[in-house]
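Undergrad: The following block contains a protein sequence and its predicted model.
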Amino acid sequence: MEIYYKYKMNLAKIILQRGVSITDTAHQLGFSDPFHFSNKYLKIMGYRPSRDKV
């Protein structure tokens, strides 16, 4: 399951770098709660998704 989330978070990084909001990115990746997405991103990537947002 860890590999699955690592893949999703790497995909999220690409989406965020294209200027998509954190909320929209979370929803595109199947998260219904952006807060849960942010916490999972922090756990997997080691920093908050706002760091990758342009």
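TA: Structure's in. What do you need?
Undergrad: which residues in this protein form strands?
TA: Counting by DSSP state E, no segments of the chain form strands.
Undergrad: contacting residues for the residue lying closest to residue 22 once chain neighbours are set aside?
TA: Spatial nearest neighbour of residue 22, excluding adjacent residues (CB to CB, 6 or more residues apart in numbering): residue 49 at 5.2 Å. For every residue, glycine as well, the C-beta is placed using N, CA and C. Residues near residue 49 by CB atoms under 8 Å, 6 or more residues apart in numbering: 12, 13, 16, 22, 25, 37, 38, 41, 42.
Undergrad: who are the neighbours in contact with the spatially closest residue to the second one that is not a sequence neighbour?
TA: Among residues not flanking residue 13 along the chain, residue 52 sits closest, at 5.0 Å (CB to CB, 6+ apart). Contacts were defined as CB under 8 Å, 6+ apart; by that measure residue 52 touches 12, 13, 16, 17.
Undergrad: From the centroid of this structure, which residue is nearest?
TA: Nearest to the mean C-alpha position of the chain, counting by CA atoms, centre = their mean, stands residue 12 at 4.2 Å.
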